[in-house]
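>>> Fold the following and give me the result.
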Amino acid sequence: MVKYKHMEQNAQPAQQDLTKKERKQLRRQQKEETRAQESKKRKVQRLGMWLLAALAFAGAGGGVVWLVQKSVPDLPVAGPAEILAQDQVKGSDQARVVLVEYGDFQCPACASFYPVVKTLTEEFRDEIAIVYRHFPLTSVHAKAVITARAAEAAALQGKFWEMHDLLFERQREWVQGDEQELLVQYARELELEEELFLEDLNSPAVRDKVEADRVGGLQARVNSTPTFFLNGERIQNPRSYAEFYDLIVAALEQEN
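Numbering: from 1, shown residues only. Okay, the predicted model is just below:
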């Protein structure tokens, strides 16, 4: 079963008197506060682990202990069998069947699976939840990271899935063109606040979100894209829509 880990959200103030820009800024602030809370928890957990390791080492033989922090994001890292509040989820977060995809926007195979996954979402609606996590293959895809950040920057204005769809549908365009210019163009098409989008594109919060997804994928032994997990179990990429459909149906029947 997939575990759901939700965090308490601050009560939202009345928004009827706010402008559209102010509402977007409020939503972005709330998302950043949620991520900051998770970051604080993560740091406390790390500190506890470091202290335990230091005490164990001292007890074993004494001496000088050097603690080196690994390069990991200040966000919790989710495994394929759990959903965190920071995840990008389409469908009901209480669905009995959860499909987690580790993808790369520059990956041609991911683009070919995109319409399949989108149709599955529409076919099963609230019966399943789709989780998209970033796994940029930086050694072969130079534009994978910037596009992942663009999707997360759009998410801070409530448009993750809209940007997700555009990036896959127009993959050839931005891969062959000026991605910086085109990403701004896409943001305008989605009616995002351009200044906020550009500010968030390289913000620490967005960088950490993409990196947290990637680290989680590495821990789950993801080594290619797309990689799918169905209710926490890695599946071989289906060869057709019908095959994927049958896997979802079987998972739903198993949960009955």
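
>>> As a check, name the ranges of all helices in the stretch 51-200 of the chain.
108-124, 144-155, 160-169, 171-176, 179-189, 194-201 (DSSP state H, counting those that start in this stretch).

>>> the bottom helix or strand of the protein by mean pLDDT?
When the helices and strands of the chain are scored by mean pLDDT, DSSP states H and E, helix 20-61 comes last with a mean of 51.

>>> if we can go back for a sec, please identify the most buried of the helices of the stretch 51-200 of the chain.
Among these, helix 144-155 has the highest mean neighbour count (mean count of other C-beta atoms under 10 Å), at a mean of 24. No exception for glycine: its C-beta is placed from N, CA and C like everyone else's.

>>> Return the list of helices and strands in contact with that one.
Contacts defined by 3 or more C-beta pairs under 8 Å, 6 or more residues apart in numbering; DSSP states H and E place helix 144-155 against strand 128-134, helix 160-169, helix 179-189, helix 194-201, helix 204-219.

>>> what does the model give residue 185 for pLDDT?
Looking at residue 185, its pLDDT is 98.

>>> do you know how far residue 107 is from residue 84?
Residue 107 sits 23 Å away from residue 84, taking C-beta to C-beta, to the nearest Å as the criterion.

>>> go on, residue 233?
Residue 233 is 19 Å from residue 84, by C-beta to C-beta.

>>> Pick out whichever of those two has more residues nearby.
Of the pair residue 233 and residue 84, residue 84 is the one with more neighbours under other C-beta atoms under 10 Å, namely 21 against 10.

>>> Bridge partners for the more buried one, pull those for me.
Taking DSSP bridges as the rule, residue 84 bridges to residue 5.

>>> Now residue 154: closest residue in space, sequence neighbours ignored.
Spatial nearest neighbour of residue 154, chain neighbours left out: residue 163 (3.7 Å); criterion: C-beta to C-beta, 6 or more residues apart in numbering.

>>> Let me see the contact set for the residue lying closest to residue 188 once chain neighbours are set aside.
Leaving aside its chain neighbours, residue 188 sits nearest to residue 194 (6.4 Å; criterion: C-beta to C-beta, 6+ apart). By C-beta atoms under 8 Å, 6 or more residues apart in numbering, the residues touching residue 194 are 184, 187, 188.

>>> The second one contacts residue 156, correct?
So the one you mean is residue 187. No: the criterion here is C-beta atoms under 8 Å, and residue 187 misses it with residue 156 at 11.4 Å.

>>> center of the chain - which residue?
The centroid of the chain falls nearest to residue 133 when counting by C-alpha atoms, centre = their mean (3.7 Å).
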